[in-house]
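Engineer: Fold the following, please.
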Amino acid sequence: MPSPSFADMRRRNALKIVATVRGTPQVSRADVARLTNLARATVSSIVDDLIGIGLLMESGSKQSAKGRRPIGLTFNPEASFCAGISVEYNRLDLVICDLDGVSHIERRICIPTVLDAGALSDTIGDAITTALSEANIAQLRLGSIGLAIPPRVGSERPTADPSFIPIDFMEVANRLQASLSCEIVLDSHLNMFAIAQTHRKCLPDEAETILIVRAGSSVHSALLLKGKLFEGRERRAGQIGHIKVPGLGGQCYCGGNGCIETIASDLAIVASCAASQQDVRSLDDVMHYASSGDQTCEATLKKAAYGLAFGVATAINLLAPDMVIVAGSSFVDHHQTRAELTNVIESLALPEILQGCQIVIGTSDPQAEALGAALNAVAIHDLLPGPLSL
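Structural biologist: Below is the predicted model of the structure:
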């Protein structure tokens, strides 16, 4: 059996060869050896292994200056696939992508709020296997799974909905790994959203400071400084949901009063409307009644938009970012909410700071977090093209 050091060296050489082939399609083995400064015998042995697992393919021939026609090599991004799942309290977003980060499957699946870790892992596993089967992708080609999850969720996590069960996501990951025999990587919704935006080149190169605010079952934020995630002491940065809004909100699980979390989280919005409208069970119900003219739901969404905008404007005044993205919850994408968010931010943020700040409210890519999770899963194998760093 090869020693660990030999295996590590062979893996590094294999990744170097893969990167070379990806950057130079139809390259010959001899050229790979020259470009990587590896011995021809080493390249030939590793290339044979990579062809054997389907990661490289021999395709056609390459004209040589000396008239010989060596076989060219190309990278096969569909040798393996990775799944990304974004978990919210009432839904799953699923993306399955290849090793180039190209999405092949995208789905949104509604789930009950009463799922525990076992039921949630079964639901995720069934969703992945069903999607693979319908796309004629063998389960053996599933390399790894990324989960985008709410940050800092645990037994202390509050809920405005008493039927909502806080999830132990490490247990979910362990169950998935056991049932699907795949490596599982966990990270937050926000980090995965940022990865997807970077991969799809949605973030302008000139924007050095980017604030991302995500509404959903909780309200959090992330700050990107020159492409790097600022995490703060003990990775506790981003708690925008605990900014206090004067005169609004109620008791928060953090011990304070008036936190944005108690005003603008999906659970808070639903609970506020359900108190006066018995048919409200979800944020979709709130949106439906608001669009139908229900004054309570309209007022609740307007209050949520104000609370969220108050936090965003406060952060803008403090950080003077080049760009702000507000996304996550479907209520953010509602046209009335967008207008309210824009008006409040413009009224509370300093004009001289706001003038140089690009603000994006809502997102045209509802699967961004799931895609980021899938890309994160690809990245653990060092096979994602280009840099992947936060």
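
Engineer: Now do the worst-scoring helix or strand of the chain on mean pLDDT: which elements does it pack against?
Structural biologist: Ranked by mean pLDDT, DSSP states H and E, the weakest helix or strand in the chain is helix 330-333, scoring a mean of 80. Counting contacts by 3 or more C-beta pairs under 8 Å, 6 or more residues apart in numbering; DSSP states H and E, helix 330-333 is packed against helix 283-291, helix 295-319, helix 335-348. The way it works is simple: take the backbone N, C-alpha and C, and place the C-beta from them, glycine included.

Engineer: now the first one, how far from the chain's geometric center?
Structural biologist: It stands for helix 283-291. 26 Å (C-alpha atoms, centre = their mean, to the nearest Å).

Engineer: Could you do the last one as well?
Structural biologist: Here helix 335-348 shows a centroid-to-chain-centroid distance of 26 Å under the convention C-alpha atoms, centre = their mean.

Engineer: and what of the longest one?
Structural biologist: Going by C-alpha atoms, centre = their mean, the spacing between the C-alpha centre of helix 295-319 and its chain's C-alpha centre is 24 Å.

Engineer: now that helix against helix 335-348, angle please.
Structural biologist: In terms of direction (axes from the mean of the first three to the mean of the last three C-alpha atoms, to 10 degrees), helix 295-319 departs from helix 335-348 by 40 degrees.

Engineer: Next, the closest residue to H381 other than its chain neighbours: phi, psi?
Structural biologist: For H381, ignoring the flanking residues on the chain, the nearest one in space by C-beta to C-beta, 6 or more residues apart in numbering is G143 at 6.4 Å. For G143, the backbone dihedrals (degrees, to the nearest 10) come out as phi -80, psi -50.

Engineer: Contacts only, for G143.
Structural biologist: Neighbour list for G143: S80, F81, C82, L99, C182, E183, A377, V378, H381 [criterion: C-beta atoms under 8 Å, 6 or more residues apart in numbering].

Engineer: 10 Å instead, please
Structural biologist: The neighbours of G143, taking C-beta atoms under 10 Å, 6 or more residues apart in numbering as the test, are 79-83, 98-99, 182-183, 377-378, 380-381, 383.

Engineer: can you redo those as CSV with secondary structure, pLDDT and neighbour count?
Structural biologist: Formatted as CSV, the contacts of G143 follow (DSSP: H, G, I helix; E, B strand; the rest coil; pLDDT from 0 to 100; neighbours: other C-beta atoms under 10 Å):
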residue, secondary structure, pLDDT, neighbour count
A79, helix, 91, 17
S80, coil, 92, 20
F81, strand, 94, 26
C82, strand, 95, 30
A83, strand, 96, 29
D98, strand, 94, 21
L99, coil, 92, 22
C182, coil, 90, 19
E183, strand, 92, 16
A377, helix, 93, 28
V378, helix, 91, 27
I380, coil, 82, 16
H381, coil, 76, 14
L383, coil, 71, 22
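
Engineer: Of these, just say which sits nearest to Q295.
Structural biologist: A83 (42.7 Å; C-beta to C-beta).

Engineer: didn't the closest one look like it was pressed against I145?
Structural biologist: Yes: in this structure, A83 is within contact of I145 by C-beta atoms under 10 Å, at 4.7 Å.

Engineer: Common neighbours of the two, please.
Structural biologist: I96, I124, I128, L176, L180, C182, I184, A373, A374, A377.

Engineer: For burial, what's the neighbour tally of the first one?
Structural biologist: The local packing count at I96 equals 25, with neighbours defined by other C-beta atoms under 10 Å.

Engineer: helix/strand/coil for A127?
Structural biologist: Recorded secondary structure, A127: helix (DSSP: H, G, I helix; E, B strand; the rest coil).

Engineer: buried residues in stretch 279-287?
Structural biologist: For stretch 279-287, the neighbour count (16 or more other C-beta atoms under 10 Å) marks V280, R281, S282, L283, D285, V286, M287 as buried.

Engineer: Turn the residues you listed into JSON lines, including distance to V27.
Structural biologist: Conversion of the buried residues of stretch 279-287 to JSON lines gives the following (distance: C-beta to C-beta, whole Å):
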{"residue": "V280", "distance to V27": "60"}
{"residue": "R281", "distance to V27": "57"}
{"residue": "S282", "distance to V27": "53"}
{"residue": "L283", "distance to V27": "51"}
{"residue": "D285", "distance to V27": "57"}
{"residue": "V286", "distance to V27": "56"}
{"residue": "M287", "distance to V27": "53"}
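
Engineer: What is the end-to-end distance of stretch 352-360?
Structural biologist: End-to-end distance for stretch 352-360, by C-alpha to C-alpha, to the nearest Å: 18 Å.

Engineer: quick one: buried residues of it?
Structural biologist: Residues L354, C357, I359, V360 are the ones in stretch 352-360 that count as buried (16+ other C-beta under 10 Å).
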